[in-house]
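> model the following, please.
(one chain, ligands or ions: 1)
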Amino acid sequence: MNATILDQIFAHKRTEVERQKLKVPQAKLDQQLGTSPAPRSLRQALRQPDRISLIAEVKKASPSKGVFLEHFNPTELAETYARNGAAAISVLTDVRFFQGSLIYLRTIHEHLDKLGYATPLLRKDFIYDPYQIYEARVYGADAILLIVGMLDDQTLQELYALTYGLGMEALVEVHTEAEMARAQALQAQIIGINNRDLHSFSVDIATTQRVGASLPAIGDPQRPVLVAESGIHGPDVLPTLRAWGVDAILVGESIVLAPDHAAHVRALSQTE
Ligand SMILES: O=C(O)c1ccccc1NCC(=O)[C@H](O)[C@H](O)COP(=O)(O)O
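Have a look, this model is predicted:
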């Protein structure tokens with residue numbers, strides 16, 4: 001079988017992380033941990049009784065679509081998100097395929113702090129090694145993404161425990177019913193259903209309904225915070241997602257491509 005882009009991403013990620021460990025050894029990260037700003041709760045920010053919350057993504061490019069924004073200013077974008085009602089901000093930190101950076105996390109954190117916004121920041125990357133979780137904390141992440149489909153159960157459990165041990169939270173991402181069962185076995189508090197098949201890049205919003213069907217009923221205290229990820233273009237779909245029990249949406253492409261970022265964020269945050 002031919003290697004998919006996802007296989008290439010994973011292979012390159014391993015090289016990138018090993019290279020980074022040589023540049024900034026774990027011992028150095030350990031020293032810097034104490035100076036990181038205290039984490040804020042993603043879960044609390046997302047669970048609103050009366051509306052769907054928005055996680056707005058700082059996304060310059062994607063492997064499926066290339067560059068979205070030639071004039072890309074991550075701090076300016078994040079400021080627009082925070083000012084216009086985003087409950088949280090996802091920062092892509094993968095360098096090669098998404099043209100992201102860990103530095104964006106730090107500069108966005110510092111910039112929003114100065115403006116008085118305490119919007120939680122999610123490190124969005126392909127995380128498989130504890131080193132990346134320490135890195136996330138040192139650069140100011142409040143939460144990280146764990147993609148169930150790329151981790152075995154033991155690694156998933158270890159990374160999840162480390163994340164919470166460092167005071168952060170994890171958005172545990174699934175795409176199939178089998179992955180959802182694994183996320184539930186982990187007792188994940190925040191589960192994201194990615195509507196995008198990361199192998200084929202096809203997007204189907206109905207994935208959220210199908211894969212979310214096994215969760216405890218809406219209103220059950222055992223029900224995790226549910227995030228619908230990818231392929232959300234506008235607010236018209238929000239009532240349907242609400243009916244499916246979605247607490248939050250994660251949106252990148254439609255925001256960065258919108259002619260008016262602020263207006264699109266307001267519409268998706270239902271603050272118009
Ligand atoms: O965005 C991609 O093309 C992509 C390809 C391969 C792996 C991951 C990918 N995206 C990561 C994401 O999950 C999205 O950036 C995020 O859910 C926002 O999606 P969208 O609103 O469709 O940009």
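
> the residue nearest to residue 6 when sequence neighbours are not counted and residue 208, how far apart?
Once flanking residues are discounted, residue 6 sits nearest to residue 198: 5.0 Å by CB to CB, 6 or more residues apart in numbering. Where C-beta positions appear, they are placed from N, C-alpha and C, glycine not excepted. Distance, residue 198 to residue 208, using CB to CB, to the nearest Å: 15 Å.

> for the two, indicate the residue with more neighbours.
Regarding residue 198 and residue 208, a neighbour count based on other CB atoms under 10 Å identifies residue 208 as having more, with 27 against 19.

> who's in contact with that one?
Going by CB atoms under 8 Å, 6 or more residues apart in numbering, residue 208 touches 193, 195, 226, 228, 241, 244, 246.

> residue 248 is in contact with the fifth one, correct?
No: taking CB atoms under 8 Å as the definition, residue 241 is not a contact partner of residue 248, at 9.4 Å.

> next, show the common contact partners of the two.
Joint contacts of residue 241 and residue 248 (CB under 8 Å, 6+ apart) are 52, 228.

> so where do the helices sit in the stretch 151-272 of the chain?
With DSSP state H, counting those that start in this stretch as the criterion, the stretch 151-272 of the chain has helices at 153-165, 177-185, 206-212, 238-243, 253-256, 261-268.

> can you lay out these as CSV showing mean pLDDT?
Conversion of the helices of the stretch 151-272 of the chain to CSV gives the following (pLDDT from 0 to 100):
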stretch, mean pLDDT
helix 153-165, 98
helix 177-185, 98
helix 206-212, 98
helix 238-243, 96
helix 253-256, 98
helix 261-268, 98
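
> closest to the ligand out of those helices?
helix 253-256 (3.3 Å; CB to the nearest ligand atom).

> does the closest one come close to the ligand?
Yes: residues of helix 253-256 contacting the ligand under CB under 6 Å from any ligand atom: 253-254.
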